[in-house]
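J.: generate a structure from the sequence data that follows.
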Amino acid sequence: MKTLFLLFTILCCIVPTTRAASEADSALICLDRVLSQQDVYRKTKDERIDRLKQLLHRPGITASQAFALNRRLGNEYQLFVSDSAMNYFDRSLALARKLHRTDWVDETQLSRVAVFSVSGMYKEALETLHEVDRSALPDSLLAAWYDCGRQLYSFLAVYSHNQSYTAVYDSLHRQYRDSLIALLPPASPEYRLYKAEQLFASHQYPQARNELSALLRQQPETSNVYARAAFSLAQIYNVEGNRAAYEKYLALSALSDIKASVKENAALQQLAMSLYRQGDIDRAYRYSKYSLEDAIFCNARLRTVEVSNMLPVIDAAYKRQTETQRRQLIFFLVLVSILSAFLIIAVVRIYKQMKRLSATQHNLRQANHIKEEYIGHFLSLCSVYMEKLDHFRRTVHRKVMSGQTEELLKLTKSPQQADGEQKEFYANFDSAFLHLYPDFVARFNELLQPDERFVPKPGELLNTELRIFAFIRLGIDDSSKIANFLHYSVNTIYTYRNKVKNKALNREKFEEEVLKIGSID
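T.: Numbers count the residues shown, from 1 in each chain. Next up, the predicted model:
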C-alpha cells in the first residue's frame, strides 16, 4: 500500500512537469513562427499610423483635432519608436500651450516622462515629472502621474549598479505602485495587474499566480496588460524554480509584444538567456539578436544595454557551437568521401565479378554444349558400330547356314575390313575432336618451334602426332591406352611423344600446356 502511494505521488509530480515542458515547447514553436512573420504585424502597425497621419494633414483641421491626432500618434509610437513618439508629444505640448489647456499640458508632459524613461533619459524624466504639480492635477490624471513614477523608478532600480541606490529606487517604485493601486478601480485590468505584482513582492506567490492567470484568460492577446501579466507570471515561476513554465510565459509575453509591434520589451531577452543556460544556443542567439534589433529600433536604451551585456556571452557560445558543427561537418564529409571511395571500389569489384560471372556462365554453357556434342558423337559411333557388328553377325550367320565356310574364312582373314574400320575410326575421331576443339591445331602449333609445326596433309584432319596429343588433351595420358586406340605399339607412342616434345618451345611444360588448349578458366 505504501509503495502504491509512493508511485502515485511520483506520477502526480511527473505529469504536471511533463505537461509544462510540452506547453513550453509548443509556445517556443509558435514564437518561432510569429517571429518569422513579424513584418506582417509591423505592416499593420505602419498602416494604422499612416491613416492617422493622413487625418492629421487634412485641410481645415482645428487645433484641438490636431492635438488629439498628435496625442494618438505619440501613443502609437511610444513603445514602437520612442524618438517619433517624443516628436509627436512635443507637437501636442505646443498645441496644448497654444490653446491654454493646462490639463492637456499636464497629460502630455506625463506622456513625455514615459518616453524619457523608455529612452533612458532618466534625468529629463525626473525633471519633467517634478515639473507637473501633483497637487494641481485633476483626479483623471493622478493615476497617470503615479504610473509614470512607478515606471521611472522601476527602470532606475534595474539600471543602477549601486546596491544602496537600487534599494532606494525600488522602494520609490513600490510607493508609486501602491499609491496607483489605491487610485485604480478594483475591477480594472491595471488594478489587478499591479495588485498581483504587489502580492508577488510580498512573496504571496499562489495568490499572485491565480490573479495573473485569471487576468490572462480575460485579456486579448495583443493588449499590453496581457504581455505584462504573462511576464510577471513568468517571474513567479522563475522564483519557484519551474523552468518550463517560466519559459512558456516569457514566450507568451514575447508573442503578445510581437503581435502588437511593441519594441520595448524584456521577455524575449530573458527567454534568450534562459534558453542559453538550457543549451538551446540556436534559439538563444536568434532571440537575443531580435531583442537587440527591437531595442535599437525603439531606442530603448535600458533594453539595449541589457541585451548588449548578454549578447557577447551567447554569441561566443553560438560561435563555439558553429565551429563544433563545422568540424563535425568536415569529419562527416571526409567520412562520406571515404565511404564513397569504398563504395566505388565495391561497385567496380562487383562489376568485375559480374563480368567474371557472366564469362563463367558463358563458359559453362559452352562446356555443357561440348559435353552434349561429345555424348552425341559417342552415341552416334556406338550406334554405327553396333549396326556394323549386327550386319557382320547376319553375314556370318547367313554364310554358315548356306555352308559357305570357305568364303567366311576368307572374309575373316582379309585385313581390308580392319583397315577400313581403322580409317573410319580415325576420320570419326578427328571430326568429333575438331568439332569440340576447332582451334586445336593452331593452338598446338603455337607451342612448337616455328619451323617444327605440323600441317595435316590434304584430305586428313589430324596426323598421327596430332592425334596422339588429341587423346592426351581428352585426358587419356597413358601411352598403352593410346596405343590400343590407334593400333600402335607402346614404344611407337613413346617415340612420337618424345619427338614432339623435343620440338616444343618449353619441353618441361609442353603436355601441361596442351591440356589447357580450349580449357574453360
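
J.: how about the strands in the stretch 1-150 of the chain?
T.: Read by DSSP state E, counting those that start in this stretch, the stretch 1-150 of the chain holds no strands at all.

J.: can you tell me which residue is spatially central in the protein?
T.: Using C-alpha atoms, centre = their mean, the residue of the chain that lies closest to the mean C-alpha position is Leu329, 11.8 Å off.

J.: and the gap between that residue and Asp257?
T.: Using C-beta to C-beta, to the nearest Å, we find Leu329 at a distance of 36 Å from Asp257. All C-beta spots, glycine's among them, are computed from the backbone N, C-alpha and C.

J.: what stretches of the protein score poorly on pLDDT?
T.: The chain contains residues with pLDDT under 70 at 1-21, 359-360, 362-393, 396-397, 399, 408-420, 520-521.

J.: in it, what residue sits furthest out from the centroid?
T.: The chain, farthest from centre, C-alpha atoms, centre = their mean: Gly403 at 105.0 Å.

J.: helix/strand/coil for that residue?
T.: coil (DSSP: H, G, I helix; E, B strand; the rest coil).

J.: how far away from the center of its chain is stretch 443-460?
T.: Put simply, stretch 443-460 sits 71 Å off its chain's centre (C-alpha atoms, centre = their mean, to the nearest Å).

J.: flag every buried residue along that stretch.
T.: 443-444, 447-448, 454 (16 or more other C-beta atoms under 10 Å).

J.: how about CSV for these, with distance to Ala63 and secondary structure added?
T.: Conversion of the buried residues of stretch 443-460 to CSV gives the following (distance: C-beta to C-beta, whole Å; DSSP: H, G, I helix; E, B strand; the rest coil):
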residue, distance to Ala63, secondary structure
Arg443, 120, helix
Phe444, 126, helix
Leu447, 124, coil
Leu448, 128, strand
Phe454, 132, coil
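
J.: okay if I get the residues you listed as TSV plus distance to Asp50?
T.: What follows is the buried residues of stretch 443-460, written out as TSV (distance: C-beta to C-beta, whole Å):
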residue	distance to Asp50
Arg443	98
Phe444	104
Leu447	103
Leu448	107
Phe454	110
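
J.: tell me which of these is nearest to Ile517?
T.: Arg443 (4.5 Å; C-beta to C-beta).

J.: closest to Phe429 among the buried residues of stretch 443-460?
T.: Phe444 (15.7 Å).

J.: can you pull the contacts of that closest one?
T.: By C-beta atoms under 8 Å, 6 or more residues apart in numbering, the contact list for Phe444 reads 454, 466, 469, 514, 517.

J.: can we see that at 10 Å?
T.: Residues in contact with Phe444 (C-beta atoms under 10 Å, 6 or more residues apart in numbering) are 437, 453-454, 462, 465-466, 469-470, 473, 500, 510, 513-514, 517.

J.: and if you look at Lys516?
T.: Contacts of Lys516 by C-beta under 10 Å, 6+ apart are 443, 447, 473, 509.

J.: could you rerun that using 7 Å?
T.: Under the criterion of C-beta atoms under 7 Å, 6 or more residues apart in numbering, Lys516 has no contact partners.

J.: for the remainder of this discussion, apply numbering that starts at 822.
T.: Happy to do that; since the first residue is 822 now, the last one works out to Lys1337.

J.: nothing else from me, thank you.
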